[in-house]
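Peer 1: return a 3D structure for these sequence lines:
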Amino acid sequence: MRGPAGRLALMAVPAAFFAVFFAYPVGAIVARGLRENGRWHLGRLPDVLGDPDIVGVLWFTLWQAAASTGLTLLLALPAAYVFARFDFPGKHLLRALVTVPFVMPTVVVGSAFLALLGRGGVLDGWWGVRLDTTVWAILLAHVFFNFAIVVRTVGGLWSQLDPRQEEAARVLGAGRLAAFRHVTLPALGPAVAAAALMVFLFTFTSFGVIQILGGPSYATLEVEIYRQTADFLDLPTAAVLSLVQLAAVAAVLALHAWTVRRQETALRLVAPETTARRPRTPGERALLGGVLTVVAVLLLSPLAVLVERSFATPGGHGPGFYRALQESDGTFAVPPLEAVGNSLAYAAVATVLAVVVGGLAAAAVTRRAGPLVRGFDALLMLPLGTSAVTVGFGFLIALDSPPLDLRSSWILVPLAQALVGVPFVVRTMLPVLRAVDDRLREAAAVLGASPLRAWREVDLPLVWRAVLVAAGFAFAVSLGEFGATVFIAGPDRPTLPVAVARLLGRAGETNYGQAMALSTILMAVCAAALLLLERVRKNQAGEF
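Peer 2: Residues are numbered from 1 along each chain as shown. Sure, this is the predicted structure:
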């Protein structure tokens, strides 16, 4: 499987999966909007892009993404250093908790900040301050959601940089700041750039946070695509906006691929366990305390408020909202609690699909090759930035006739979730696969082992941890998928994020409390999955 033919064989299944369940639905919905009577009508592009309201949406999407990225880097880079260089009690637990917001659905993130910053929230109750429907709530929620990207991507590399290089610069007369600027920062540059581009990507395509916290005053491209599709049924405008978003995302991913390639080829790394130590100086202890304070205020307090609101019933604190989840009141065709079982079942199937497709894709791009393989690698990341609304609605439009008549099938939801999980599987497994020495396989072959036995006894013992971590991330991300699932999940089989969104969309204290209870359940499941990952995880530079 080392030659071009073997590489193409490995790429066949992932390429077919993406062609059928990504390119085809997205192409179908775009074609539905821009074709009429078999002819393309591209004159809609200047009309849409010249609309002052659309221009305002584009401008807000761009500047809020840039502001969110800058604020996330400002607050998360010190945390990346602390997690990389310091060893302190509860580090692995805190690392898992820091990652919880990232794998939670954005609708739950919005719910947490609504409970903290909105009407009747903690700030409103204590100081009479409300930040919902303001851009500050959006920016803070984006930092909350994307904090883990910087900590894991930059911190993962930072923990494997040899500190003796910076120490050598200081011995030669450089100050602490000069040594960092001339030795460490150039090595970290590609990782910082890659993290910044990923944060920009997720905030550029933000949907659930804007829907809940932004109110009618703010809309990103993703929100506007949803409005044009679901509220106005204006498919031509939605198609144009989808193409604009797809072009922007492709440009961001091209930059991301370039930074990752620089990082992979330019550095010599050491084992992360050799670089972490207890903080020694008052300054280091102050930095650790500051980072822990930021994590507690910005990341843990919204989660704590979410839990508290799930127990705050009209008659006092108690499990009343959790008991109400067992009853159907007309919002759902089934009791809301059934969404828990639905989500777990869907996520399990999606995880299997993502690990198989992503594992084959990672194996195909393990060895660096020409533009075809690099382009395939970038393609694997595309679902993370493509409009989930477009993908979900495209599923309904495209997969409605034989041999792919899946509109009434339960498999549609896991397929949409697997599309989001595959990039995380690839990014998790790729560095481990690249670290396996070819000479080990060659030695096994010389000793008479077949290729299958060599894979079983050489590769598998080295990569099984990465497979488990990849499966865990795919499972957690699948649990939180919302943008596409909201279109395709049936009323009798809602997922947890869909159930939360429906409950928040209805007035009444009971509906709000049940939304908080379901969000707390989802948060607990994600936290448990991430804690298990921390027990089997090995740090990999620049990856999740």
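Peer 1: which intervals of the stretch 251-400 of the chain have sub-threshold pLDDT?
Peer 2: 256-257, 259-273, 329-333, 367-372, 374 (pLDDT under 70).
Peer 1: which stretches of it form strands?
Peer 2: 312-313, 316-317, 400-401 (DSSP state E, counting those that start in this stretch).
Peer 1: with the chain instead?
Peer 2: 35-36, 39-40, 312-313, 316-317, 400-401, 404-405 (DSSP state E).
Peer 1: partners of the first one in the sheet?
Peer 2: Pairing partners of strand 35-36, with direction, according to DSSP bridges: strand 39-40 (antiparallel).
Peer 1: and the gap between F113 and V209?
Peer 2: According to CB to CB, to the nearest Å, F113 stands 8 Å off from V209. The way it works is simple: take the backbone N, C-alpha and C, and place the C-beta from them, glycine included.
Peer 1: common neighbours of those two, please.
Peer 2: Taking CB atoms under 8 Å, 6 or more residues apart in numbering as the contact rule, F113 and V209 both touch A141.
Peer 1: poorly predicted segments of the stretch 401-544 of the chain, please.
Peer 2: For the stretch 401-544 of the chain (pLDDT under 70), the answer is 435, 437, 536-544.
Peer 1: which ones are touching F473?
Peer 2: Taking CB under 8 Å, 6+ apart, one finds V103, G421, F424, V425, T428, L533, F544 in contact with F473.
Peer 1: at 6 Å what do you get?
Peer 2: By CB atoms under 6 Å, 6 or more residues apart in numbering, the contact list for F473 reads F424.
Peer 1: just A148 next, same as before
Peer 2: By CB under 6 Å, 6+ apart, the neighbours of A148 are V98, T99, F102.
Peer 1: which of the residues you listed sits closest to P14?
Peer 2: F102 (23.9 Å; CB to CB).
Peer 1: okay if I get the strands of the stretch 251-400 of the chain as JSON lines plus mean neighbour count and distance to V199?
Peer 2: Converted to JSON lines, the strands of the stretch 251-400 of the chain look like this (neighbours: other CB atoms under 10 Å; distance: least, CB to CB, whole Å):
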{"stretch": "strand 312-313", "mean neighbour count": "18", "distance to V199": "33"}
{"stretch": "strand 316-317", "mean neighbour count": "9", "distance to V199": "36"}
{"stretch": "strand 400-401", "mean neighbour count": "11", "distance to V199": "36"}
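Peer 1: and of the ones you listed, who's closest to G33?
Peer 2: Of these, nearest to G33 by CB to CB is strand 400-401, at 16.5 Å.
Peer 1: thinking again about what came up before, possible to save the strands of the chain as JSON lines with distance to A15?
Peer 2: Below are these laid out as JSON lines (distance: least, CB to CB, whole Å):
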{"stretch": "strand 35-36", "distance to A15": "25"}
{"stretch": "strand 39-40", "distance to A15": "26"}
{"stretch": "strand 312-313", "distance to A15": "50"}
{"stretch": "strand 316-317", "distance to A15": "53"}
{"stretch": "strand 400-401", "distance to A15": "23"}
{"stretch": "strand 404-405", "distance to A15": "17"}
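Peer 1: quick one: closest of the ones you listed to G175.
Peer 2: That would be strand 312-313 among the strands of the chain, by CB to CB, at 52.5 Å.
Peer 1: what does that closest one rub up against?
Peer 2: Residues contacting strand 312-313 (CB under 6 Å, 6+ apart): G320.
Peer 1: go with 10 Å
Peer 2: Defining contact as CB atoms under 10 Å, 6 or more residues apart in numbering, one finds that strand 312-313 is touched by 115, 305, 318-324, 509-510, 512-513, 516.
Peer 1: nearest to A524 among those residues?
Peer 2: For the contacts of strand 312-313, the nearest to A524 is Y322 (11.8 Å; CB to CB).
Peer 1: for the residue nearest to the closest one when sequence neighbours are not counted, grab the count of nearby residues.
Peer 2: Among residues not flanking Y322 along the chain, A517 sits closest, at 5.0 Å (CB to CB, 6 or more residues apart in numbering). Counted with other CB atoms under 10 Å, the neighbours of A517 add up to 26.
Peer 1: A517 contacts A339, correct?
Peer 2: No - the pair A517 / A339 is not scored as a contact, 11.1 Å apart, by CB atoms under 10 Å.
Peer 1: touching both of the two, which residues are there?
Peer 2: With CB under 10 Å, 6+ apart as the test, A517 and A339 both reach L325, V500, L503.
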